[in-house]
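Chemist: give me a 3D structure for the following:
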Amino acid sequence: MPKNIHENHRDRLRERFRKEGLGHFEPHQVLELLLFYAIPRRDVNPVAHELLLRFGSLRAVLDTPYEHLRTVPGMTENAALFLTLLPQLARSYAIGGEPEHPFLLEPDILRSYLMARYVGVRVELPLLLCLDSAGKLKDMHEFPAGTFSAVGLDLRVLAEQIIRKNASAVILAHNHPGGKALPSPEDIETTRRAAWLFKEIRVRLCDHVICAGSELFSMAADKRLMGLFI
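Modeler: Sure thing, here's the model as predicted:
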């Protein structure tokens, strides 16, 4: 009787990962390896292929909400929860490698700091970074989605947070999930209002940064907008 080609497939894939890492794995093999730990004693190869077919890429699969993952045939509750956990785990891992009080006026350090905080974030996440007089981070505060919009910007809440932390300077940041790292007219108006607010309380607005995937846009570095930060 011919040998089943899927016999010991899980053991072989795990052993390959142990020896080689994920560098030469195909996307469906990465998904298979992950699904081994959420769907025991079942062939998960068809599930992995269906996930990629439906959502397009490994990253897209991991960014897909739990409810949508559950619609894929063969996906269990545990498997869907496990896959949605991974981007958040990656974010925690990236954040854990950062120094406690980084010097955020250095562009490369600021980029690294923000990229870590937006790993796996699928919704708009506005951030207020409070700095000391030397440009080092004193405090980072996350706001609900929409807080930094021209309509939703709550000047009182923003000012209270800055004063409470005794900040000498601040950096604003938010992301454009699924979009481009370019400021909208609303983003520019938000920055104008924030700059006015900070001057009133004698705090310097150093930058307003927009993140999208691996892209980052510094409004303070753009010649058309740098006047907002003087």
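Chemist: tell me the helix or strand right after the lowest-mean-pLDDT helix or strand in the chain.
Modeler: In the chain, the helix or strand scored least confidently by mean pLDDT, DSSP states H and E is helix 155-164, which has a mean of 84. Moving toward the C-terminus from helix 155-164, the next helix or strand (DSSP states H and E) is strand 169-175.
Chemist: tell me where this protein has strands.
Modeler: Using DSSP state E, the strands of the chain run over residues 127-131, 137-142, 169-175, 204-212, 215-218.
Chemist: neighbouring contacts of the third one?
Modeler: Contacting residues not belonging to strand 169-175 are listed as 104, 110, 114, 118, 121, 124-131, 133, 135, 148, 162, 187, 190-191, 194, 198, 203-212 [CB atoms under 8 Å, 6 or more residues apart in numbering]. (C-beta placed from N, C-alpha, C; glycine too.)
Chemist: do that again at 6 Å, thanks
Modeler: Strand 169-175 has contacts (CB atoms under 6 Å, 6 or more residues apart in numbering) with 114, 118, 125-127, 129-131, 148, 203-209, 211.
Chemist: then the shortest one?
Modeler: If you take CB under 6 Å, 6+ apart as the criterion, strand 215-218 is touched by 111, 181-182, 207, 209-210.
Chemist: let me see the domain layout of this protein.
Modeler: Per automatic domain parsing, the structural domains of the chain span 9-94, 102-229.
Chemist: the least confident helix or strand of the chain vs strand 137-142, what angle?
Modeler: Helix 155-164 and strand 137-142 meet at an angle of 150 degrees, taking axes from the mean of the first three to the mean of the last three CA atoms, to 10 degrees as the criterion.
Chemist: CA atoms only for helix 155-164, dumped as PDB, please.
Modeler: The C-alpha trace of helix 155-164 is given here as PDB (Å, rounded to 0.1, in the frame of the first residue of the first chain):
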ATOM      1  CA  LEU A 155      -8.800  70.900  23.300                       C
ATOM      2  CA  ARG A 156      -9.600  70.700  27.000                       C
ATOM      3  CA  VAL A 157      -8.800  67.000  27.300                       C
ATOM      4  CA  LEU A 158      -5.600  67.400  25.300                       C
ATOM      5  CA  ALA A 159      -4.400  70.400  27.400                       C
ATOM      6  CA  GLU A 160      -5.200  68.700  30.700                       C
ATOM      7  CA  GLN A 161      -3.200  65.600  29.700                       C
ATOM      8  CA  ILE A 162      -0.200  67.800  28.700                       C
ATOM      9  CA  ILE A 163      -0.300  69.900  31.900                       C
ATOM     10  CA  ARG A 164      -0.800  66.800  34.100                       C
END
